[in-house]
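**Student:** 3D, please:
(chains A, B, C and D)
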There are 4 protein chains.
Amino acid sequence: VAVIGEIRAGRFAITAEDQDVHLAVERVLTERLGDLGRKVHTARSRNDQVAVDLRLVARERLADCMEAAAELALSLLVFGRRHACLPMVGRTHLQPAMPSSVGVWASAYAESLWDDLRLMHAVFELNDVCPLGSAAGYGVPLRTDRRMTARLLGFARPHANVMHASNARGKCEAAILGVLAQAMLTLSRMAEDLVLFGMPEFDYFELPAAFCTGSSIMPQKRNPDVLELVRAKAARVAADGAVVQEIVRALPGGYSRDLQETKAPFLEGMQTTVASLRVMRRLVEGVRPKPASLRRGFSAGVFATDRALELVVGGMPFRGAYDEVKRTLPALAATDVDGAVIRRFGPGGTAAVDWGAIRRGVTLEKGFARGRRRAYHRKVSDLLGVRYPALGGR
Amino acid sequence: VAVIGEIRAGRFAITAEDQDVHLAVERVLTERLGDLGRKVHTARSRNDQVAVDLRLVARERLADCMEAAAELALSLLVFGRRHACLPMVGRTHLQPAMPSSVGVWASAYAESLWDDLRLMHAVFELNDVCPLGSAAGYGVPLRTDRRMTARLLGFARPHANVMHASNARGKCEAAILGVLAQAMLTLSRMAEDLVLFGMPEFDYFELPAAFCTGSSIMPQKRNPDVLELVRAKAARVAADGAVVQEIVRALPGGYSRDLQETKAPFLEGMQTTVASLRVMRRLVEGVRPKPASLRRGFSAGVFATDRALELVVGGMPFRGAYDEVKRTLPALAATDVDGAVIRRFGPGGTAAVDWGAIRRGVTLEKGFARGRRRAYHRKVSDLLGVRYPALGGR
Amino acid sequence: VAVIGEIRAGRFAITAEDQDVHLAVERVLTERLGDLGRKVHTARSRNDQVAVDLRLVARERLADCMEAAAELALSLLVFGRRHACLPMVGRTHLQPAMPSSVGVWASAYAESLWDDLRLMHAVFELNDVCPLGSAAGYGVPLRTDRRMTARLLGFARPHANVMHASNARGKCEAAILGVLAQAMLTLSRMAEDLVLFGMPEFDYFELPAAFCTGSSIMPQKRNPDVLELVRAKAARVAADGAVVQEIVRALPGGYSRDLQETKAPFLEGMQTTVASLRVMRRLVEGVRPKPASLRRGFSAGVFATDRALELVVGGMPFRGAYDEVKRTLPALAATDVDGAVIRRFGPGGTAAVDWGAIRRGVTLEKGFARGRRRAYHRKVSDLLGVRYPALGGR
Amino acid sequence: VAVIGEIRAGRFAITAEDQDVHLAVERVLTERLGDLGRKVHTARSRNDQVAVDLRLVARERLADCMEAAAELALSLLVFGRRHACLPMVGRTHLQPAMPSSVGVWASAYAESLWDDLRLMHAVFELNDVCPLGSAAGYGVPLRTDRRMTARLLGFARPHANVMHASNARGKCEAAILGVLAQAMLTLSRMAEDLVLFGMPEFDYFELPAAFCTGSSIMPQKRNPDVLELVRAKAARVAADGAVVQEIVRALPGGYSRDLQETKAPFLEGMQTTVASLRVMRRLVEGVRPKPASLRRGFSAGVFATDRALELVVGGMPFRGAYDEVKRTLPALAATDVDGAVIRRFGPGGTAAVDWGAIRRGVTLEKGFARGRRRAYHRKVSDLLGVRYPALGGR
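**Tutor:** The predicted model follows:
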């Protein structure tokens, strides 16, 4: 079973007949290993082959997702940095509450994507285990070297238990979809904000024309269709994960055909997430804040808390400060909006955003995805003797 | 702001009036820091306090879950090792398909829990970020040292963005529940197996009496109530995660009261998972396989694939081997079940289970949970000057 | 078995010892029927008793829901009628699109509730079937008259098949919760509208103070907490239905203990829906539209379509009318908002709302619920010989 | 607007250019009504046209579902009647519990489908309301006769409120999918039973070969793939309903583009349900019970309850009867299985199944679907002047 050297020397391209990477791998193995190759083929089941395929597709798609999420986060940081002190009222319960800025808003979603990237990293590693050799879930009556086949395909290791290699089908997909749904949550809320604050009553942002549909007769009408679709797609990806999870929950151990129904939502969920992340990046790079509208959102009450705190710092007791502010609230309407925002979020401000930490974190995860992708592409290229074709990669 | 030393010297116990850890922390901060303490209090919102509370509870509960999952996995390994070569037919589509063993079955679920532990590890770290100082989501107009308060409470770091600290509410809970639902999937399938193979037509296992309800008049009837409840609880934890996710998906950025509705499913989901993991461990430690019943599950067909492969290895071509096996199938009924299972799964067998890898992986994760728990307990004890009381811990 | 007369003559009150209606019924039966009574008791299982209990509770709660939904709808009609021609811009994609009115808005939700009432009516009848006598799902070896017991308890009929009487558990609950989730959808969208248009940028409605939380320092801040909670509760009721459905989906025929887990979400879902409907009614009765703010929402573009159509009706060809409107759009800013709305929605307008149809439909459903409730209360009172106590009724 | 007569006289076929019924209707209207027709077109929005399309498709598909469900139920009744007294052990917690029969089992699912049909009937009527004329949700500034257009298209009535006609999109689909998920629950549990009792340890039924996949080498292996897929499809239809519901829950009133995402799950859910109902009918018509295997499932304990009751009826007190049965349990092993089953479920038995009630109920619903379909086909044929082509009908 120690013919790794010979395999590495292989020079066979993937032909049309092979249909997919997996069959090419098998053909190469069979051709190179002769009798033993055929035996491996004999003892193998469609089950572990499909399981391997799903993990091959998943790692490629997860790398896509991680790169797309990282790039969107970095775009948000660039956008946010540029508008770090551009006033945008901070809301709770959708009611204006505190001074905030476009930069705070944008970098909040960048950090949210960082969180999502950390979870994607975790499921990438969960997925990075090779089920090959588990056959129909009970292994084969031969001493195959599952560690070697895992390594050849660029996986971190094989499954420790052949039955789990089979049981993990569906379960691993559900875990991945659960994490992608998290990324969609980030997009959904960002989209919701942009839809809301795109109403003419706010008019905070000008969306790129390509992302809106208009009306031939109402020139002021710009329907944020793409954002609405992203919002709805978030519900879809969540449902994709839920259906996979439920199919698995009801199953006993060992393969059941129910698992076939997990494939469509799995592939759809991954595809939708990559596409949504990419489209939102293009949107972020094209969106333009409208300073005048943004400043209009600041009413006197927004400054009340800050003012009270100022008085407290100046020595006035709580109760008194509050009463004072309440009494003089109209006066706060004259507050210099930009000044107040700069005091809070400008250099020397309250450190409300640690830009560097987010950028470093996001960049690290992007590097992880790139590095892993490069490594397993090299492994598979070595195995097949041809440059590894990306599975629907970028 | 460098009064850490003084705080560490504090000797204040948590009194009944404090109600929860968080208020005790605040009281200590206020008492120790005087004016500055009061200012921090002033500038703070119920929002970030609740957010901190949820993360404090979550890390304690996640550590509970990780320890309980690890212990269940280790119990399964002990149980599996003891019955490594006890025949148990391997099924696909619930139909008998291949020789397998009780050991393969039990360790498959141990590896499944290892997967779950890796995900719990990831959400533990996701949760290990401190929202304190984000106030209502837009920070406070003071240069608070959020890094310090995070460290004092035993968190890895504070949120990089104050608005994200608020936006992450619900989202982080959904991620945690999603992972706990994964652990419940493992339990649900294990329970399903035990319910099925507990039917008298199989009678593979004798469940501990405490886990069954009987009937006063039908002594043979042992209803596996606890297993059925665990199976249903898996659906519940999945729904807990789904509802939190959906509440968040529909929200714009910034705090909305909808988030209050995430608390009940969050706490319930964590509590249910810990309890289910613990009860399943007690069950595994009490379950007794019934060798005679287990062997009865092996019909001639179960050995067909192995026999065909044997002939192939002996030099016979595929087609011929298959036809030969098909023709002589009845003869396979005389196969020595134990012998066949030992040949596959005994020492010198096919390495279908890497016991050491699972044990090492699980132990590592258990160590992680213990280490982190010890570390933040110490931090909080230092902060409060009293031994940190476990939040409903073990 | 023809001792109905004697039973009807019974004069036994429900005592504290009985705990629930069901035990009282049983006690009465036993006491009245002597030996035969005891035999019925013997042959019966906890299973069909719980199944009956759930249907007794469900019909009471469904009647509550129907009355509450009808009353909310009628309140919306009163409110809508009063403000039938009060301008409120009609939106698509949240962008102002067409002239509309507060009356159109309110009666839209009234008709939505009418739809919900029709579905509640359907599940009320689905639920109106009596499982008593099915015992553990296979009946009893006696010729019990299930038709009679169904009638005595005020049900339309018994289950036709004893096994289905058992299988329907969970399934019937899921159907009911699915319909209640529909009513919650209506409330959720109405709440979403009120939250959005409660932002100071719109300020369309003044919510009753009791439904908001304020801020001691920001007098202008009115957080619509109740509406946010209703919105989140809609997600919860949907999840309640989903979990019951999933528990049932995974089960084989015949009772399994998993069904116990359907009770909590079932009761919770019904309770939440009744409460939400009632609280929204009180809100609707207290809300006050603000005409000035409402009129401000009308920009020139809102009248564009109407104006173009006017020109077309006047004989101008399509293309020309559109270009004309586009060119003269600013002039439309001077449109008399109230006049335009009255022309559309006033008497002699476009019949955009058929007030009478909604009121008649809703009133019919309310009458159905009342009638049924009165009828089965009478039946049970007759059976027990005491006035039937409402189960948590109004 | 009273040109109905002329329209009825129309003789225009649907051409390829029309693409769908809706455009044909519009073309006919325009051609027939000249200026007024063009005006109707002008004032209309894609929104209400799509809304009408969805309702046209839904009523056709719902009629399909109702007929398919009714036919499956009738097939189950025929099958059950034939095997009314063929012993099949009744289980609770999957443990053998009581005597039952194949007839009881089959007719239980027939009654379950009757329940489903009643709900389908309700959503058919919910769907039977015409949104045409609501335009973008706020009507048109013309006195259109929405009642007439509704009647012409074969709907019961138009929406009473134009905004609700728009708001009902997604909501109505969710209600329909929720009901279809109920039918899938019935199929899922039936499938689960057949998968379980198809294990060789039971071998209760022989499935038609076309519904199974085998193994070339293991002739005894018959994988119930179709049943497993139906079981998984039930999870899918539930998820289809959930995603539509969630998309709607998060929306404000008025059209949003999110609703586009409800179409795919809606059409898929309806298609899947029709197909599953039809495939299960073919399976039921081909399945053959195996009497010997079925009888083997009866152990002594199954008769214990009946025997105890017999003693009680004979005058022995409870406690004594139970003890007696317990002591003499082994003797019950000699019980005549067929005799016991016939005594219970044969003519003169315990009336465990009211065959006539189920058949009448199911037939009534089938008649309803047929009648409604015929009626609206006639209406549309009259309108278009051509025989109405079924939308993917049978």
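**Student:** what's the neighbour count on the closest residue to A:L229 other than its chain neighbours?
**Tutor:** Leaving out its chain neighbours, the residue that sits closest to A:L229 by CB to CB, 6 or more residues apart in numbering or on different chains is D:R257, at 5.9 Å. Where you see a C-beta, it was placed from the backbone N, CA and C, and this is true even at glycine. Residues near D:R257, counting by other CB atoms under 10 Å in any protein chain shown, number 19.
**Student:** ok, D:R257 touching A:V230?
**Tutor:** No. Between D:R257 and A:V230 there is no contact under CB atoms under 8 Å: 10.0 Å.
**Student:** so where is chain A shaky, pLDDT-wise?
**Tutor:** Across chain A, the ranges flagged by pLDDT under 70 are A:1-44, A:215-220, A:386-394.
**Student:** find the residue at the geometric middle of it.
**Tutor:** Centroid-nearest residue in chain A: A:A183, 4.3 Å away (criterion: CA atoms, centre = their mean).
**Student:** so what's that one up against?
**Tutor:** Residues in contact with A:A183, defined by CB atoms under 8 Å, 6 or more residues apart in numbering or on different chains, are A:65, A:69, A:113, A:116, A:120, A:273, A:277.
**Student:** so what's the first one up against?
**Tutor:** Same thing as A:C65. The contact partners of A:C65, by CB under 8 Å, 6+ apart, come to A:120, A:180, A:183, A:270, A:273-274, A:277.
**Student:** reformat those residues as a markdown table; add secondary structure.
**Tutor:** A markdown table is the format used below for the contacts of A:C65 (DSSP: H, G, I helix; E, B strand; the rest coil):
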| residue | secondary structure |
| --- | --- |
| A:M120 | helix |
| A:L180 | helix |
| A:A183 | helix |
| A:M270 | helix |
| A:T273 | helix |
| A:V274 | helix |
| A:L277 | helix |
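**Student:** A:F303: which of the residues you listed is nearest?
**Tutor:** Among those, A:A183 lies closest to A:F303 (CB to CB), at 35.6 Å.
**Student:** nearest residue to that closest one other than its sequence neighbours?
**Tutor:** A:D116 (4.2 Å).
**Student:** quick one, what contacts that neighbour?
**Tutor:** A:D116 touches A:69, A:179, A:182-183, A:186, counting by CB under 8 Å, 6+ apart.
**Student:** again, but for A:G241
**Tutor:** Here A:G241 is in contact with A:174, A:177-178, A:180-181, A:265, A:269, B:178 (CB under 8 Å, 6+ apart).
**Student:** ok, A:T92 next?
**Tutor:** A:98, B:47, B:136-137, B:254-256, C:223.
**Student:** hmm, 6 Å instead?
**Tutor:** Applying CB atoms under 6 Å, 6 or more residues apart in numbering or on different chains, one finds that A:T92 lies in contact with B:136, B:254-255.
**Student:** mind putting the contacts of A:D116 into JSON lines with secondary structure?
**Tutor:** JSON lines is the format used below for those (three-state DSSP):
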{"residue": "A:A69", "secondary structure": "helix"}
{"residue": "A:V179", "secondary structure": "helix"}
{"residue": "A:Q182", "secondary structure": "helix"}
{"residue": "A:A183", "secondary structure": "helix"}
{"residue": "A:T186", "secondary structure": "helix"}
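**Student:** tell me which two of those sit farthest apart.
**Tutor:** Largest pairwise distance in these, by CB to CB, is 11.5 Å, between A:V179 and A:T186.
**Student:** chain neighbours aside, what residue packs nearest to A:M184?
**Tutor:** In space, A:M184 is closest to A:A234, 3.8 Å off (CB to CB, 6+ apart).
**Student:** tell me how far the residue nearest to the centre of chain A lies from chain C.
**Tutor:** Distance, A:A183 to chain C, using CB to the nearest CB, to the nearest Å: 20 Å.
**Student:** if I look at that residue, how far off is chain B?
**Tutor:** According to CB to the nearest CB, A:A183 and chain B sit 10 Å apart.
**Student:** A:E125 now?
**Tutor:** A:E125 is 7 Å from chain B, by CB to the nearest CB.
**Student:** okay, angle between the helix or strand harbouring the residue nearest to A:A183 and helix B:102-127 too, please.
**Tutor:** For A:D116, the host element (DSSP states H and E) is helix A:102-127. Angle of helix A:102-127 versus helix B:102-127, following axes from the mean of the first three to the mean of the last three CA atoms, to 10 degrees, is 170 degrees.
**Student:** and chain B, is the helix or strand just after helix A:102-127 touching that?
**Tutor:** Downstream of helix A:102-127, the next assigned helix or strand under DSSP H and E is strand A:129-130. No. Using CB under 6 Å from any CB of the partner chain, strand A:129-130 never reaches chain B; the gap is at least 8.3 Å.
**Student:** mind giving me the packing neighbours of the helix or strand following strand A:129-130?
**Tutor:** As assigned by DSSP H and E, the chain's next helix or strand after strand A:129-130 is helix A:146-152. Other helices and strands packing on helix A:146-152, by 3 or more CB pairs under 6 Å, 6 or more residues apart in numbering or on different chains; DSSP states H and E, are strand A:157-158.
**Student:** can you count the residues close to the residue of the stretch 251-394 of chain A found nearest chain C?
**Tutor:** For the stretch 251-394 of chain A, the residue closest to chain C is A:G301, as judged by CB to the nearest CB, at 4.0 Å. A:G301 has 22 neighbouring residues, counting by other CB under 10 Å.
**Student:** assumed it was part of a strand.
**Tutor:** No. Under three-state DSSP, A:G301 sits outside any strand and is assigned helix.
**Student:** so which bits of stretch A:257-272 are buried?
**Tutor:** A:257-259, A:261-263, A:265-267, A:269-270, A:272 (16 or more other CB atoms under 10 Å in any protein chain shown).
**Student:** is the helix or strand hosting A:A275 anywhere near chain D?
**Tutor:** Assigned by DSSP H and E, A:A275 belongs to helix A:263-286. No. Shown here: helix A:263-286 not in contact with chain D (CB under 6 Å from any CB), separated by at least 7.7 Å.
**Student:** now the element after that helix, going C-ward?
**Tutor:** Taking DSSP H and E, what comes next after helix A:263-286 is strand A:288-289.
**Student:** show me which of the contacts of A:T92 are buried.
**Tutor:** Members of the contacts of A:T92 classed as buried by 16+ other CB under 10 Å are B:136, B:254-255.
**Student:** put together JSON lines for the residues you listed, with distance to chain D on each row.
**Tutor:** Shown next, in JSON lines, are these (distance: CB to the nearest CB, whole Å):
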{"residue": "B:A136", "distance to chain D": "23"}
{"residue": "B:G254", "distance to chain D": "16"}
{"residue": "B:Y255", "distance to chain D": "17"}
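**Student:** which residues does stretch A:189-205 contact?
**Tutor:** A:109, A:224, A:227, A:230-231, A:287, A:289-290, A:293-294, B:252-253, C:94, C:201-202.
**Student:** OK, contacts around A:A300?
**Tutor:** Contacts of A:A300 by CB under 6 Å, 6+ apart are A:329, A:332-333.
**Student:** chain D contacts on the stretch 251-394 of chain A?
**Tutor:** Counting by CB under 6 Å from any CB, the residues of the stretch 251-394 of chain A near chain D are A:256-258, A:261.
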